[in-house]
Every structure is written in C-alpha cells, then in structure tokens.
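Colleague: Sharing a model that was predicted from the sequence below.
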Amino acid sequence: MSVVLSASVRQNLLSLQSTADLLATTQNRLSTGKSVNSALDNPTNFFTAQSLDNRASDINNLLDSIANGVQVLQAANTGLTSLQKLIDSAKSIANQALQTTVGYSTKSNVSTTISGATAADLRGTTSFASATASSNVLYSGAAGGTTAATGTTTLGASIGVFASTGATTGAAGSTTLEGTITLIATNGTSASGLAGNAQPADGDTLTVNGKTITFRAGTAPASTAVPSGSGVSGHLVTDGSGNTTVYLGSTGAPASLATVDDLLSAIDLASGVKTVSITSGAATITFSASQPGGAAGVSTVAGGAVTLRSSTGADLSITGKADLLKALTLTTSTGAGNATLEVPRTTSAASLGAEIADGSTLNVDGHVITFKNAPIPGSTGAPSVPSGYGASGNVLTDGNGNSTVYLQAGTVNDVLKAIDLATGVQTATINANGTATLATATGQSNSTINSSGQLKLATGVNADLSITGTGNALNVFGLAGNTGNATAFTAARTSGIGGIAGKTLTFSSFNGGTAVNVTFGDGTNGTVKTLDQLNTKLQANNLSATIDANGLLTITASNDYASSTIGSTTAGGAIGGTLTSALTFSTASNPVQDGVAQTARANLVSQYNNILNQIDTTSQDSSFNGVNLLNGDQLKLVFDETGKSSLNITGVTYNSKGLGLASLTVGVDFIDNAAANRVLTNLNAASSTLRSEASSLGSNLSVVQIRQDFNKNLINVLQTGSSNLTLADTNVEAANSQALSTRQSIAVSALSLANTSQQSVLQLLR
C-alpha cells in the first residue's frame, strides 16, 4: 500500500535531499582540494588541466636525460682541465731541457785569423793618424759680409738697446722719479706707482729669454726661508739660473714696495746682463763682467723713461701682460693679453756674422758642447766654478770631453778648444782652484781657423769625427754642408786597414735561417766593421761570432742548433764569398756531445713520454654514463616533448695523437735547444686546442643548463595553470559546508514540525 505524505513533509524531505547532495559535493571538494574532480564538474577546465598536467609530466621525464647530459659535459670539462695541466707539465719538462746545460761540450765552428783585428774593427786595422776636415768659410760681421773670421772673432754680438721715448705711466707731471717708481701704488694711480690697470697682480708673470719672472704679493722671505739653491736680494728671490720672483711689497707703514728698478734687475738676470752669487740664501747681484760698459751696460730707468739692454750672448725677448709693458713704455699694445718686445743684437767686425742661439749644442764623437749666454763661472761677479769642472778661457769642461762655451765673451778659438777636448786632440786636467790645464795629445795638432775663415778640425785618433747639433750651431760654424741643410759633419781618420776591407763573406741558410752576405767596411751603407755588427747579421742565420786577442775570428753554431755541423748537407751554412780568397777558414768541426748533459736530457725524454701516457688514459677516463666526449662519442639532448628542440654535441679525440703530440726518442729529441723548441711549439698548439674545446664545451654546457632551468620553470608554469583551472577555494567551500550544515539542521526541524502537525490531526480521530 502506498504511503501518502503531506505536501509540507514532502517539501521538507526534498529540501533535505538537496541539502545533503550539496553538502556531499562541498565535502568532496574540501577533501580533494579541487573544485573540478571530473569532467562532469567542468568539462572544459577538466580536460584543459589534464592536457597541461600531461605536458608537464612529459617535460619532467626529460629532465633526467638533461641532467645526465650536464654531467657528461662536466666530465668532459674535468678531463680538459686535467689534460691542460698535463700539457703544462710537459711544457715544464721541455723548458727544463732548454735550461739544462747545452748537450754538447763543443759546438760546430769554423775559424780564421785576421791580423790586428779587434772587436771594434774586424778589418784588421793597424794604427790611426789624425786627419784634418774643413768647414765652410766663416765671416765676421764687418760691412759687406765678406771679411773672414779669425780665432779671436767673438761669438757674442754688440748689445741690443731699446730706449723708450716716454715716461712710465703713473709718473706725476715732470717729476723725475727715476727707479723709485713702484710697481704698485697705495692709492691705485699715485704719482709714485704704475697706473692701476697696469699694476702686476699676485701670480702674474713675464717671460724673458725663456726665463720666468713671477710677481708675488707681500714681502720677500728672509734668507733662511728661501728654497735651497735660491737667494734673496731686497724684493727679489732668484734661483741663480735667471728665474726670479719679484715680491711687490707691503703698503703698510712704513711702506716697502718693489720698484721699476727691481723689475729691470730681474730682467737683466734673465737676459744675462747681470749675474748673481748665492751664499746661505742671500743673493749678491752685480753686472756681468763681460758686458760692455760695465755697470753702465745694464737696463735703467731715467726721467721715468726705461732703457733696456740685451747681453752680448743673446737677443732680448720679453713677453708679458700688454698693460704692464705699455705702462713701462715698452709697447703700444694694451689689454690683459700678452705682448712681446724683441731687442736684437747687432753684429760687428769683431763678432761672427751669424749669431749663435743660446742653448745650442754640438755633439762631437758622443761628447756634448753647450753654448750658454752667461759669463764664464769664476769670472768677476759670476758664480763659482762647480765642483769637478775647470775653466779655461771661456770654456768650462768636465775633463771628459764635455764642455760649455760661454757666449758673452767666447771666441772661435774657444769653440775649437772645446771640439779638441771632445775628440781627444787636447786633454784637460782639472785643478783644485777651478781652472783647467789643457795639453795637446802626443803626436796631435790642435784645430785652427785659417786665413780664409775655414775651421780646420782635427779628427783625433780615438774615433772618426762625427758632429751633430741642435739649435743653429752647425750652420753658424759652417758644418751644415754646402747647402746648409746637412744634419751632421763627418770626417774619417787616416788609418791602415787590413786586407779584408771590401771583401764579402757568405753563408748559405743554416737550419732554415736567413742566408747571410757580410761585406766588411767602415760600418756604413750596410757594411760590417765591428763584432756586434757581424753578430747582428749572423743572428738571423742561427750563427754567432767571437774574436780573441790574437785576431782569431770564430763562427759558431747557436745553442739552438748545437747538434748541427756548419756546412753539412743536412744543416747547410756553407761558407763562400770573396773573403775566402783573402783568408783561410778551418774545416768545420763536428759537435762534441756532453755525456752528462745528454743523460740529463734523455731522462727528460722519459719524463715527457710518461706525461703522454697520462694524457691518453685521462682522455679515455673522461666519461659519464658511458658517454665520453673526449674519446669521439656524441651526445644528443632533447629539450621538449615533441623532440623538435634538441642539441647535438660532437665529441673529439683528445689523446696524445689527437692533440698532435708524439712520443720522443732518446738521442734525437731534446738533444739541443732547437729540438726542445720544436716540442714546445707542438705543446703550445695542443694547449690552444684544449682551450678552444673548453670554450666550446663551456658554451654547450651553458646552453644545456639554461634549457634545464627553462624546463623546470615551464613545468611549474604548466602545473600552476592546471591548478588554477581545477583547484577549489577552500574558504568558499568551508563557508558553504557550514551554511549547508545549518540548512540541514533547520530542514530536520521543519520536517519534525510537519510530522507533529499530522499527529495532532490523528488525535482528533481517536
């Protein structure tokens, strides 16, 4: 019989069933953590997530293969590192062979005797005699320019004079201020000082004949405070070489300001018109004893007008701020920029027609003659002679052929004296009092100047004469050739030369070297004179030369080819040429082995071969999981699930033969330096090969590791994407579970109430 339920009971039962279903679904999601557990939940998300998980699984399966590939590459790289160390050990052995005593007690050589030959002259020179060389004609400064110079013709010219026609700017009216005009004024433009815009400031400079005059504010330091080597005199601090600092002074009471006289004194120090003697920081300034006019030959200011005078040894050149020079009436230029004043000297009948520049030099046979604008040290007012030097006339010499000729009073005879000291025609004895005593060498004649004005230079016997110069020295003394453009003046000594001069000695190529043709001569135009020059020629042909005190010239094989015989069919180096008709060479000797040295070299051969065996075994052992990239195997790595992304790595065979190395043979290899060098060449090539392969492996390893990291990250991306499609939100599901539980409880209560209502109706029927 069927059961009849009331509508309310049936409705409550249905509600309970629905709630129970929903609660079951929620509890399933909470237990699995997924909102999509089957295709019924969400077909699209379910199958998409399954596809992503499947691909992640496929790629994950490839990671083991990739990891193994990394280890294969690591094993190969470890092998390469070990092979490189073994190669380095082999190099060390080869270098030991080079450093071991040459394997031959006597190397192959040929010899001949050249009578009188020395290392300095292989030609067999006998004795030298001094020759005489002539310069161009020197003229004096007499009118017409055709008067021949003499030995007493001066190097210095007549002084240059510049006299301004106006008074210095800042002088008041017609007041005669003379040298009391100050360089700065207490009120800007007072009658006792220069105009305001002309006054020198702290740090301003003047350049005089290459020397620097610097203006400084304040008063000059005490003699105890000046730099070492400098001296103070009034407002001036000078270094004794023409560089001076002018302290502008103090305007306080009592005022002490530098004057125009101070500036002119600084200019004269720079130009050589004045000299200075420095003692304990104090400077004593006086006029140059060689300056014409004595005390009257210095620069002055009178009636506010400035008169400048050059020295006899150099033209005067002043460069400085235009406003300052204009205030001194030395220029018409104005402004803060620089202006230059030139005060040239003039030649005369007493001086050379050409003026020599201060600082010019002559280099005579390696000795230096310097021309200086100053009075000779030790003269009146000049500094004392430096220790180790001696003065003779206007020449200061060190006794070794180096001299300084002082231009202010120097003459042509002084120049000739300095040249003779450089060539050894004259010698100098330095005396304790700072003078030099000169003497003519035995059998020599001093250089002179003839009546035509030509220098007659003695070459001396020590060396052929060679003179070069700086500045205008060569031209002034007629040593620059007929065109005046020559850069050197040369002249040969008279000598007796051996019979090999002009003869040629030839060697064919010796052990692959460069064939040599040696022509003996004076050392110019490719000829050979000295032993050094001969060895320079022979070096490229693996040969060397020595000469003893008896003139025995010996040609020997180099250490690299100590095992070779000169002139042999195998080595080459046959001797020929016209020299063989003048000299007889010995038969080439065979090399004589050194037993001890060869035993040591044989031991090195054995050590080397042991290294090669280790190279072979190391190459074979550099495998992983059966794959050895150093023994010719190949490695293929697949990076994706389709197999389309892959990397093929081709192995190499790096045993000793694969690296181009061969076992050595005792008695053949390492017997001389050339044999050792051949082995080193092969080892260097093998080392380069290993480095190249290491670079290639490193590149491949980097690619594999990058793909390995990429796949790991991609798996994570795929799995994350899958999870995003199927994972449940536990917060939501927990809330749903709680709500459904509450709903279920309420539904049970409602069903109970419905049943209670029916029971009340039944009570009425009783």
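Modeller: On my side now, so go ahead.
Colleague: Would you agree Asn95 is in contact with Val679?
Modeller: No: in this structure, Asn95 is not within contact of Val679 by C-beta atoms under 8 Å, at 10.0 Å. Using the backbone N, CA and C atoms, a C-beta is placed for each residue, glycine as well.
Colleague: if you count what's nearby, which of those two comes out ahead?
Modeller: Neighbours per residue (other C-beta atoms under 10 Å) separate Asn95 from Val679, with Val679 holding more: 24 against 15.
Colleague: Give me the phi and psi angles of that one.
Modeller: Here is the backbone geometry of Val679 (degrees, to the nearest 10): phi -60, psi -40.
Colleague: Relative to Asp672, how far out is it?
Modeller: To Asp672, Val679 is 12 Å away according to C-beta to C-beta, to the nearest Å.
Colleague: Next: Gly481.
Modeller: Taking C-beta to C-beta, one finds Gly481 at 52 Å from Asp672.
Colleague: Between the two, tell me which one has more neighbours.
Modeller: A count of neighbours by other C-beta under 10 Å puts Asp672 above the other of Gly481 and Asp672, at 24 against 15.
Colleague: Tell me where the stretch 101-250 of the chain is predicted with low confidence.
Modeller: 125-127, 169-180, 186-192 (pLDDT under 70).
Colleague: for the stretch 501-650 of the chain, same thing?
Modeller: Across the stretch 501-650 of the chain, the ranges flagged by pLDDT under 70 are 638-639, 641-643, 645-646.
Colleague: where exactly do the helices run in it?
Modeller: Along the stretch 501-650 of the chain, the stretches classed as helices by DSSP state H, counting those that start in this stretch are 531-539, 579-582, 595-621.
Colleague: Tabulate those helices in a markdown table, adding columns for distance to Leu248 and mean neighbour count.
Modeller: Shown next, in a markdown table, are these (distance: least, C-beta to C-beta, whole Å; neighbours: other C-beta atoms under 10 Å):
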| stretch | distance to Leu248 | mean neighbour count |
| --- | --- | --- |
| helix 531-539 | 61 | 17 |
| helix 579-582 | 77 | 15 |
| helix 595-621 | 80 | 17 |
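Colleague: So for Thr519, which of the ones you listed sits nearest?
Modeller: Distance to Thr519, taken as C-beta to C-beta, is lowest for helix 579-582 among the helices of the stretch 501-650 of the chain, at 8.8 Å.
Colleague: ok, now how distant is Gly313 from Gln598?
Modeller: 72 Å.
Colleague: now do Thr370
Modeller: Thr370 is 60 Å from Gln598, where distance means C-beta to C-beta.
Colleague: quick one: the strands in the stretch 601-750 of the chain?
Modeller: 634-638, 646-650 (DSSP state E, counting those that start in this stretch).
Colleague: Hmm, Gln291 is touching Gly313, no?
Modeller: No: Gln291 lies out of contact with Gly313 (C-beta under 8 Å); the separation is 9.4 Å.
Colleague: Mind listing the shared neighbours of the two?
Modeller: Here Gln291 and Gly313 share the contacting residues Gln408, scored by C-beta atoms under 8 Å, 6 or more residues apart in numbering.
Colleague: More neighbours: which of the two?
Modeller: Set Gln291 next to Gly313 and count neighbours by other C-beta under 10 Å: Gly313 wins out with 32 against 28.
Colleague: Tell me the secondary structure at the more buried one.
Modeller: The assignment at Gly313 comes out as coil when based on DSSP: H, G, I helix; E, B strand; the rest coil.
Colleague: isn't it right up against Ile376?
Modeller: No: in this structure, Gly313 is not within contact of Ile376 by C-beta under 8 Å, at 11.1 Å.
Colleague: any shared contact partners between the two?
Modeller: Tyr406.
Colleague: tally of neighbours for the residue nearest to Ala305 when sequence neighbours are not counted?
Modeller: Spatial nearest neighbour of Ala305, excluding adjacent residues (C-beta to C-beta, 6 or more residues apart in numbering): Ser164 at 5.0 Å. Neighbourhood size, Ser164 [other C-beta under 10 Å]: 16.
Colleague: Look up how far Asn197 lies from Ser164.
Modeller: If you go by C-beta to C-beta, the gap between Ser164 and Asn197 works out to 19 Å.
Colleague: What of Ala217?
Modeller: Relative to Asn197, and taking C-beta to C-beta, Ala217 is found at 17 Å.
Colleague: For these two, indicate the residue with more neighbours.
Modeller: Taking other C-beta under 10 Å, Ala217 and Asn197 do not tie; Asn197 has more neighbours (16 against 13).
Colleague: Please identify which helix or strand holds the residue lying closest to the more buried one once chain neighbours are set aside.
Modeller: The shortest distance from Asn197 to any non-neighbouring residue, by C-beta to C-beta, 6+ apart, is to Asp323 (5.3 Å). For Asp323, the host element (DSSP states H and E) is helix 322-327.
Colleague: centre of the chain versus that helix, how much separation?
Modeller: In terms of C-alpha atoms, centre = their mean, to the nearest Å, the centre of helix 322-327 is found 45 Å from the chain centre.
Colleague: Quick check: chain neighbours aside, which residue is closest to Gly469?
Modeller: Gly469 sits nearest to Leu362 (C-beta to C-beta, 6+ apart), 4.8 Å away.
Colleague: try Ala350
Modeller: Leaving aside its sequence neighbours, Ala350 sits nearest to Thr154 (C-beta to C-beta, 6+ apart; 5.7 Å).
Colleague: for Ala283, same thing?
Modeller: Gly231 (3.0 Å).
Colleague: Dig out what the one you found forms beta bridges with.
Modeller: Thr238 (DSSP bridges).
Colleague: can I assume it is in contact with Thr244?
Modeller: No: using C-beta under 8 Å as the test, Gly231 is too far from Thr244 to be in contact (10.2 Å).
Colleague: And the two? Which one has more around it.
Modeller: Taking neighbours as other C-beta under 10 Å, Gly231 and Thr244 compare with Thr244 leading, 30 against 22.
Colleague: Ser656: what's it in contact with?
Modeller: Counting by C-beta under 8 Å, 6+ apart, Ser656 has contacts 612-613, 615-616, 662-663.
Colleague: Contact partners for the closest residue to it other than its chain neighbours?
Modeller: The spatially closest residue to Ser656, leaving aside those adjacent along the chain, is Leu612, at 4.3 Å (C-beta to C-beta, 6+ apart). When contacts are counted by C-beta under 8 Å, 6+ apart, Leu612 touches 90, 656, 661-663.
Colleague: so of those, which ones are in helices?
Modeller: In this view, those that belong to helices under DSSP state H are Ala90.
Colleague: Pick the one among the contacts of Leu612 closest to Ser250.
Modeller: Ala90 (81.2 Å).
Colleague: The closest one: how many residues sit nearby?
Modeller: The tally of other residues near Ala90 (other C-beta under 10 Å) stands at 26.
Colleague: Spatially, what comes nearest to it if we skip its sequence neighbours?
Modeller: Ala90 sits nearest to Ile611 (C-beta to C-beta, 6+ apart), 4.6 Å away.
Colleague: Likewise for Gln291?
Modeller: Spatial nearest neighbour of Gln291, chain neighbours left out: Gly297 (4.2 Å); criterion: C-beta to C-beta, 6+ apart.
Colleague: For Ala492, see how far away the one you found is.
Modeller: The value you get for Gly297 to Ala492, if C-beta to C-beta is used, is 46 Å.
Colleague: go on, Gly69?
Modeller: Gly69 is 80 Å from Ala492, by C-beta to C-beta.
Colleague: More neighbours: which of the two?
Modeller: Gly69 (26 against 14).
Colleague: Can you give me every residue that contacts the residue nearest to Ala350?
Modeller: Per C-beta under 8 Å, 6+ apart, neighbours of Thr154: 312, 350-352, 409-411.
Colleague: which residues touch Leu630?
Modeller: Applying C-beta under 8 Å, 6+ apart, the residues near Leu630 are 76, 79-80, 83, 619, 622, 651-654.
Colleague: show me where the stretch 251-400 of the chain has strands.
Modeller: 256-257, 274-279, 282-287, 300-302, 305-309, 316-321, 338-343, 361-364, 367-372, 390-392, 395-397.
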